[in-house]
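sequence first, predicted model second:
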Amino acid sequence: MENQYPDRIVHLLQLYLLGDITKEERQELEVWCEEKVRNRQLFEQICQEDLFSKERFVYEKIDDTKALRTFEKHVRKVSARGIGRWWKYAAVLLFPILVVGSWKLIYEVEQVPVVTTSVSQIQPGCSRAVLVLDDGRKVFLKEEDERVISEDKGITVTGEKDRLVYTSSEGKNVDEIRFNELEVPRGGEYKVRLADGTLVYLNSATRMKYPVKFDEKERKVYLSGEAYFEVTKDPKRPFLVEMEGVEVRVYGTSFNINTHQKGNIQTVLVKGSIGVKVLASGMESVITPGQMAEFKQGNAKVDVKDVNVAVYTDWKDGIFRFENQRLEDILTVLSNWYDVDVFYQTVSVKELHFSGYMERYKDVSVILEAITLSTGVTFSVQGKTIIVSK
């Protein structure tokens, strides 16, 4: 009976997360939670975010019996060491059954441990950036950096913990447009509150050029990388974001832009309304909340489709969320955040597709081990290089 118990609890947890649990099964799960403090802690840990209603279609495609059998096998392997190791992986991917392969479920493989040579050199990203002032001077910004950086022509630039703040003591009139540039390196993130009150979250490997003070006609910034915008409403002055070949026009809204994929620009709208214009053709597409406009270099217009917005925006809240994404794209995201290089010994694994989520600030070895536990893809870490094989 002892060996039958773990898979029963896993099954009840899965039913609960999918919303298909009966009253009797819920009572059975509650009894288990009350038996030990660590049981209750595990239950609360894996239920701490409302992820499942949004991604239910992923779970419904899974072969429950096969997934539970394999997960139960892994649980037995670690049972002698207690629930701590199982809990660690549950907190990363909410069970291996949430990870889906590109053409079938890959649960028959044996677990292969991650080689973590010098893994201590790899750390999660933190708040850091470089501010380039209009006279060319560079100011290095870091977490908890609170100071007045610049006071000039009615504009004060202040560092406030994890962000820059621009404030103006004058009216809207400006004699000349002066630009600053904020560069966020790999392994960094930063925020900036522009002179009009707009808040911008800049992800790793991102650069944004912007006026220290906007003129009366428009508010225009230039972006390379990934950023989330919360734009202050101003009907008289549209807010414009220009990238390579594309311009986004908005009057007051929240949206995410990502240019990290070469030749591909993705704009996802959270609320409000924006127009995405292809500069070469002049064609503009207006998208509504819950939609993504995707531009591929060489096209005359953007492709618009409905998406799960959280997949594209949760990074700013400390979560990596992936929905049927290629392993290569996932590792590109991780390489920017952890400031590492990735080398593929087995090229074919790039095309595996996965869905799941993980905390952005976790140790990289926990994330890599969770992927290995689920798929059999192996990682060896040499210095600040992750080597991927099958």
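That came through, no problem. Numbers count the residues shown, from 1 in each chain.

tell me the centre residue of this structure?
Closest to where the C-alpha atoms of the chain average out (Cα atoms, centre = their mean) is Trp315, at 3.0 Å.

name the next helix or strand following the host helix or strand of Glu30 along the chain.
Assigned by DSSP states H and E, Glu30 falls within helix 23-35. Next in sequence after helix 23-35, counting helices and strands by DSSP H and E, comes helix 37-46.

show me what the helix holding Glu30 is packed up against.
In terms of contacts (3 or more Cβ pairs under 8 Å, 6 or more residues apart in numbering; DSSP states H and E), helix 23-35 is packed against helix 5-18, helix 37-46. From N, CA and C alone the C-beta is placed, and that goes for glycine too.

these: lowest mean pLDDT?
In terms of average pLDDT, helix 5-18 trails the rest of the helices and strands packed on helix 23-35, at a mean of 65.

just to revisit the earlier point, for the helix holding Glu30, the averaged confidence score.
pLDDT averaged over helix 23-35 gives 87.

ok, which stretches of the stretch 251-390 of the chain are helices?
Per DSSP state H, counting those that start in this stretch, the stretch 251-390 of the chain carries helices over the ranges 309-313, 327-338, 364-375.

on that earlier part again, export the helix holding Glu30 to CSV, keeping only CA atoms.
Output of helix 23-35 as CSV, limited to C-alpha atoms (Å, rounded to 0.1, in the frame of the first residue of the first chain):
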residue,chain,number,x,y,z
LYS,A,23,-16.1,16.5,-3.2
GLU,A,24,-15.0,13.0,-1.8
GLU,A,25,-11.6,13.3,-3.6
ARG,A,26,-11.2,16.8,-2.2
GLN,A,27,-11.8,15.5,1.3
GLU,A,28,-9.3,12.7,0.7
LEU,A,29,-6.7,15.3,-0.4
GLU,A,30,-7.4,17.4,2.6
VAL,A,31,-6.9,14.5,5.0
TRP,A,32,-3.4,14.0,3.4
CYS,A,33,-2.6,17.7,3.8
GLU,A,34,-3.5,17.5,7.5
GLU,A,35,-1.3,14.4,8.1
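
now the angle between helix 37-46 and that helix, please.
Orientation of helix 23-35 against helix 37-46 (axes from the mean of the first three to the mean of the last three Cα atoms, to 10 degrees) gives an angle of 120 degrees.

just the buried residues of helix 23-35, please?
Across helix 23-35, burial judged by 16 or more other Cβ atoms under 10 Å covers 29, 32-33.

kindly reformat those residues as TSV containing distance to Arg178.
Listed next are these as TSV, based on distance: Cβ to Cβ, whole Å:
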residue	distance to Arg178
Leu29	61
Trp32	63
Cys33	59
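
Glu160: how many residues sit nearby?
Counted with other Cβ atoms under 10 Å, residues neighbouring Glu160 total 13.

the closest residue to Ile386 other than its chain neighbours - how many residues pack around it?
In this structure, Ile386 finds its nearest non-sequential neighbour in Val342, 5.0 Å apart by Cβ to Cβ, 6 or more residues apart in numbering. Val342: 16 surrounding residues under other Cβ under 10 Å.

what residues are up against Val342?
331-332, 334-335, 385-386, 388 (Cβ atoms under 8 Å, 6 or more residues apart in numbering).

of these, buried ones?
Buried members of those, counted by 16+ other Cβ under 10 Å: 331-332, 334-335, 386, 388.

next one: the residue nearest to the centre of the chain from Leu368, what distance?
19 Å (Cβ to Cβ, to the nearest Å).

do Arg26 as well
From Arg26 to Leu368 the distance is 35 Å (Cβ to Cβ).

what's the pLDDT at Glu230?
Model confidence at Glu230 (pLDDT) stands at 95.

what's near enough to touch it?
With contacts defined as Cβ under 8 Å, 6+ apart, the neighbours of Glu230 are 198-200, 254.

one more time with 6 Å, if that's ok
For Glu230, the contact set (Cβ atoms under 6 Å, 6 or more residues apart in numbering) comprises 199, 254.

lovely, talk soon.
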